[in-house]
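got a predicted model here, sequence first, then my questions.
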Amino acid sequence: MNIREQITEKLAAVLARLGVESPKVSLDLTADLSHGDYATSVSLAYAKEFNMAPRALAEKIVEMMGSIDGVSKIDIAGPGFINLSVAPGLFWQSLESGRTEPDMWGGNASLKGTEIMLEYTSPNLFKPLHIGNLVGNVIGESISRLFEFSAATVHRINYPSDIGLTVAKGVWGLKKTGGDPDDIRALGDAYRTGNDAYENDPAAKEEINAINKKLYEGTDAELNDLRERGTRTSRARLAEICKTLGTSFDTEIFESEAGPVGKEIVLSHVADGIFEVSDGATVFKGESVGLHTRVFLNSAGLPTYEAKDIGNFELKTRTYPNFDRSYVVTGVEQQEYFKVIIAAIRAVFSGLDGKVLGHIATGFLTLTTGKMSSRKGNVLTGEDLLADMRAAAEERAAESRADNMDVLSEQIAVAALKFQILRGGAGKNIVFDRERALSFEGDSGPYLQYTHARTCAIIEKAQVVGIVSKFDTTATASDLVRITNRFADIVVRAQEELEPHLVATYLIQLAAAFNSWYAQEQILDGTEKAAHKVAIVDIVRQTLKNGLWLLGIPAPEKM
RNA sequence: GCUCUCGUAGUUCAAUGGAUAGAACAAGACUCUUCUAAGGUCUUGAUGUAGGUUCGAUUCCUACCGAGGGCACCA
């Protein structure tokens, strides 16, 4: 039992003795370190129930709690908060455990034995990676890692669209341009050609619709071949980008597979009334559960996106029948859509009681200025954005100490991009400021990387000088040490709330505290205190490293 | 029309119903003969409006104003 649980339990016991039935105990990390490490407002919350002044109740609670092992100080402050300070010895003990098992530092086992399916990224093949897909990838990957850091088994699932209008536009474009379907550039040009034609040329629109139909039927060998090859090319490109971004999927489910499966399931649940036929279409009436009606099979009998998602779910559960939770990460615009889909899934599939089915919404990414540096002058793609970051990073990387400039500039670019996406709440829209992201200053991914690289440099130098790092367990705990030790608490909350930004803001706080300390303190000062200070640097280094990993941001050792 | 998000310094973001609403950027002033200045130190500056619930509201409720999304055969 950790200190937090001990305090919570003791508080609950005291309240119970005072006569509160099933007391609610809040125990928070203090916002201000001068208030101690943990604070509770129970005395304010229960003051009225006891008809006592909050401070008087606080005094009574504190008196009844007596002393707690590992708590060095209990204060009553302000209107009646009870502030608790953790004994320094406990910090050193905790931080030391982080140095003994560095990869586990900050992690927990709260989801041990839990199997989680997480679907994210889900791009349209034949089309360059959209910014929305990129945002989904970044957030999905980070949430995956948060789960893994709580000892869950995570299955990363990609659900690419390999059939439908987008593909038809690309295939039409390939025929028109005569482009090589094995060449990613030709494929991009073909898609753009098809997309423009679809919007501006009515005749072409009809041809594309016809191609779409034929592709669904799968009867035209030439079209099938173009689709096949284009899909392969596009997937290869996607794999490269995912590698850069640090994602590796366990399973891919294609829209073309999900369609027929979903259609069959929908048809088999018309008789039992889950789906009904309305105006020739097969629909799910969401109104009964406060939602809206959606079409699952259109009047031509073809599966819509809705039915495909039913099929997708079926295919996922065939692969991972023992899952406990299933999440899909997509843009907020699909929030209402997924409420209906989840309701339909719960109606259709049995055995889902007690299982979590969730939709994680990500905000839109827009740019501050109207000027986008799109390569082709129209829409800024996820790839363009990454390339932009990369170009700027190369300039900085050239002045660095890194051994491999190419690797470093890519790492910096990924950090800059991901941090911008992960610094705010997951469902909030992201206003991407290119100038700021490219400056690599202030609160940013590269700032965190730089701080990490700085800690690495100190550790390396300490080794050269021959210092054996070791905590002085009699020392008092500085703010930096106390902040560092909060890592595990932050991780738990971020995982429970599915909010990577809690980790991001925490790391900024940690890095700022470290850099401030670093500026005042000579670490390798030649005294016996150096061993202690190096140990602190080492655990800060590990915290930054593990925290960056949670965000999916690489942590280079030299910059 | 119905419905879901969201309105916090000039800008971009924080604040699990709690203490003095935190950062960063921008502006200005300092700071590298000392372990990485992508750093550090200091100064200025904000809760859309009106009510309500509460010991306490940026947070919860209602209305209004403003921005964006969704609402049947597209994905």
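Right, received. Where do you want to start?

what sits closest to residue A:125 if chain neighbours are left out?
Spatial nearest neighbour of residue A:125, chain neighbours left out: residue A:234 (4.1 Å); criterion: CB to CB, 6 or more residues apart in numbering. For every residue, glycine as well, the C-beta is placed using N, CA and C.

next, the one you found: secondary structure please.
helix (DSSP: H, G, I helix; E, B strand; the rest coil).

how near is it to residue A:127?
Counting by CB to CB, to the nearest Å, the gap from residue A:234 to residue A:127 is 8 Å.

more crowded one of these two?
Using other CB atoms under 10 Å, the more surrounded residue of residue A:234 and residue A:127 is residue A:234, with 26 against 21.

contacting residues around the more buried one?
Listed by CB atoms under 8 Å, 6 or more residues apart in numbering, the contact set of residue A:234 reads A:125, A:126, A:127, A:184, A:187.

Three-state assignment for residue A:540, please.
Following three-state DSSP, residue A:540 is assigned to helix.

which element is residue A:267 on?
helix A:255-268 (DSSP states H and E).

list the buried ones in that helix?
A:255, A:256, A:257, A:258, A:259, A:261, A:262, A:263, A:265, A:266, A:267 (16 or more other CB atoms under 10 Å).

show me what it packs onto, helices and strands only.
Using 3 or more CB pairs under 8 Å, 6 or more residues apart in numbering; DSSP states H and E, the elements in contact with helix A:255-268 are strand A:294-297, helix A:305-319.

next, format the ones you listed as TSV and append mean pLDDT.
Listed next are the helices and strands packed on helix A:255-268 as TSV, based on pLDDT from 0 to 100:
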stretch	mean pLDDT
strand A:294-297	95
helix A:305-319	96
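
low-confidence ranges in the stretch 1-150 of chain A?
Within the stretch 1-150 of chain A, no stretch has pLDDT under 70.

check it for the residue nearest RNA strand B and tell me.
residue A:28 (2.3 Å; CB to the nearest atom of the strand).

can you report phi and psi for that residue?
Phi and psi for residue A:28, reported as degrees, to the nearest 10, are phi -110, psi 150.

sec struct for the nearest residue to it once chain neighbours are set aside, please.
Sequence neighbours aside, residue A:39 is the residue nearest to residue A:28 in space, at 5.5 Å (criterion: CB to CB, 6+ apart). Following three-state DSSP, we place residue A:39 in the strand state.

ok, now which ones touch the residue in the stretch 101-250 of chain A that RNA strand B sits nearest to?
Nearest residue of the stretch 101-250 of chain A to RNA strand B: residue A:164, at 3.9 Å (CB to the nearest atom of the strand). By CB under 8 Å, 6+ apart, the contact set of residue A:164 is A:124, A:212, A:255.

before we move on, the earlier item: restrict the buried residues of helix A:255-268 to contacts with RNA strand B.
When contact is defined as CB under 7 Å from any atom of the strand, the buried residues of helix A:255-268 meet RNA strand B at residue A:255.

ok, of the buried residues of helix A:255-268, which one's closest to RNA strand B?
Distances from RNA strand B to those, taken by CB to the nearest atom of the strand, are shortest for residue A:255, at 6.2 Å.

let me see the contact set for the residue lying closest to that closest one once chain neighbours are set aside.
Spatially, and ignoring its direct neighbours in sequence, residue A:255 is nearest to residue A:161 (4.5 Å; CB to CB, 6+ apart). Each residue near residue A:161 by CB under 8 Å, 6+ apart is listed here: A:122, A:123, A:124, A:125, A:167, A:254, A:255.
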